[in-house]
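**Q** predicted model and sequence follow; I will ask about them next.
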Amino acid sequence: MMKILVSALIASTACAFTAPLSRTVVSQVTELHSSVGVDGPPFDDWSEKKLHKPIDTTPKLSRPKGRQQMKDVILEPNYYLTWCFAAVGFLIMWYHPTTFADGSPSIVGFCGGAFHVLFASLLWVQTRRVRCVFEKDGFEFYNLKGPGLTKLEQKPDNYVSGTRNRWKYDTITNWDFFPSIEYPVIVYFKETETPESQWNKWFAAFDSYGRGQPHFFPGIVMSTNS
């Protein structure tokens with residue numbers, strides 16, 4: 001009787017420490033699944049569990065079809081500032097008080113008026129030849145060249161940052177019109193496409209907020225094409 005109990009105990013202990021199925025057996029099972037047409041991912045070498053397939057969770061950038069199909073838009077020139085500065089210049093010359101007994105025009109008034117007229121002339125030249133073109137993914141400033149100013153030509157690099165005068169929409173962080181979009185005298189926008197090492201040059205050095213390169217230009221184009 002004692003021998004029977006000892007033999008049973010040894011047999012149960014041996015079963016508890018039996019090694020798992022060998023790779024050969026698992027491989028045969030996998031081949032059997034394939035042979036009978038069982039679909040699904042491959043099995044682990046040490047078990048019959050299916051292998052885990054990681055799912056790609058990287059966000060995909062989806063662009064609206066409307067922007068991809070958008071045609072280039074060229075804003076029309078706006079001579080509002082040109083005529084305003086010219087008118088102010090002549091008014092200063094005419095109405096500035098004079099210190100001469102014979103009523104001759106004031107030197108101060110003449111110089112002040114001439115400055116406004118010269119600035120109006122500069123605005124007229126820039127308004128006539130500079131065009132702002134909105135493309136599908138960004139906007140750029142071009143110069144009109146050739147006979148009759150009919151050919152668009154890329155402007156020289158920006159004199160402040162030394163980069164191309166083109167900026168993508170998704171890099172623009174802020175923009176505004178002063179005093180209003182209906183009567184823009186100064187147009188402002190800030191972008192991050194310019195290398196950060198260029199953000200502290202010229203007037204941009206006074207920008208205490210940082211976080212981009214600010215740009216200012218006179219309102220020489222129509223704010224809308226409507």
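**A** Looks like it came in fine.
**Q** just the strands in this protein please.
**A** Secondary structure of the chain (DSSP state E): strands at 73-74, 130-134, 138-145, 151-154, 166-168, 172-179, 184-191, 213-218.
**Q** want to try CSV for the ones you listed, with distance to residue 114 and mean neighbour count as columns?
**A** For the C-beta atoms, the positions are set from N, CA and C on the backbone; glycine is no exception. Formatted as CSV, the entries for the strands of the chain read as follows, by distance: least, Cβ to Cβ, whole Å; neighbours: other Cβ atoms under 10 Å:
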stretch, distance to residue 114, mean neighbour count
strand 73-74, 34, 12
strand 130-134, 24, 18
strand 138-145, 27, 16
strand 151-154, 32, 13
strand 166-168, 36, 17
strand 172-179, 26, 13
strand 184-191, 21, 18
strand 213-218, 19, 19
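**Q** just put those strands in TSV and tack on mean pLDDT.
**A** What follows is these, written out as TSV (pLDDT from 0 to 100):
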stretch	mean pLDDT
strand 73-74	92
strand 130-134	94
strand 138-145	94
strand 151-154	92
strand 166-168	94
strand 172-179	93
strand 184-191	93
strand 213-218	90
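**Q** now for those, which one comes closest to residue 120?
**A** For the strands of the chain, the distance to residue 120 is smallest for strand 213-218, at 11.1 Å, taking Cβ to Cβ.
**Q** what is the orientation angle of that closest one with strand 130-134?
**A** Angular relation of strand 213-218 and strand 130-134 on a 0 to 180 degree scale: 130 degrees, by axes from the mean of the first three to the mean of the last three Cα atoms, to 10 degrees.
**Q** which residues are in contact with strand 213-218?
**A** If you take Cβ atoms under 8 Å, 6 or more residues apart in numbering as the criterion, strand 213-218 is touched by 81, 123, 126, 161, 185-194, 198-199, 203-204, 207.
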